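Participant: Need coordinates for the following:
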Amino acid sequence: MNNRKDMQLNEEFSNQVVLPDQLAPIEVQEFEALENKYKLINQIGSAIVLVFALIGFFLFTQISSGNIPITVVIAVPFIFAVLFIGKLAFIILGFPKKGYLLREQDVSYRSGLFIYKLTTIPFNRIQHVEVSQNMIEKSFGLSRVKVFTAGGSVSDLSIPGLLPDKAHQIESFLLSKVSKHE
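Facilitator: Next up is the predicted model:
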């Protein structure tokens, strides 16, 4: 009787060797792009930071009652502007590199322009999934999917820049995969 159960288990279980050259590189896979509105949110956020930095500098120059050299008064806003343009270029050039990928056994998110980051979580490691919106995302009609694994209160993977319907579809898909692995 035990031999029959062992045989059935052995027929279902498979652990064949997979050679590295047989693997499809994840970078070759077609990642889903984020909504363009998410790029706009990042650009607006950078502009807001610039405005507050300039206001702070202006207030500082007013408080110091003219004791700041004119070169500093000219150089600081110029440096802020250069940093802002650099940040905008980073957002614009880096945006096409961002994306997510759903496969049979895992979910991945990639980002990065100079420093490439790829996070992949197998479905059997997922504890829970949630859809959230911060105030800015809500005003632009966007959501994000957060994927949590065991042992943390912070999401291990976050997919921003999704339309709410798409975010809920991804959440449902992931939860259905998680329930199959339990």
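
Participant: next one: the helix ranked longest in the chain to chain centre, how far?
Facilitator: Across the chain, the helix with the greatest residue count (assigned by DSSP state H) is helix 36-63. Centroid separation between helix 36-63 and its chain, computed with CA atoms, centre = their mean, to the nearest Å, is 23 Å.

Participant: Quick one: list the elements packing against the helix or strand following it.
Facilitator: Downstream of helix 36-63, the first helix or strand assigned by DSSP states H and E is helix 70-94. Helix 70-94 is packed against helix 36-63, with contacts defined by 3 or more CB pairs under 8 Å, 6 or more residues apart in numbering; DSSP states H and E. For the C-beta atoms, the positions are set from N, CA and C on the backbone; glycine is no exception.

Participant: circling back: and the longest helix of the chain, what's buried?
Facilitator: 38, 39, 41, 42, 43, 46, 50, 53, 57 (16 or more other CB atoms under 10 Å).

Participant: Run a quick check on the second one versus residue 92, I expect a contact.
Facilitator: Yes - shown here, residue 39 and residue 92 form a contact pair, counting by CB atoms under 8 Å, at 7.2 Å.
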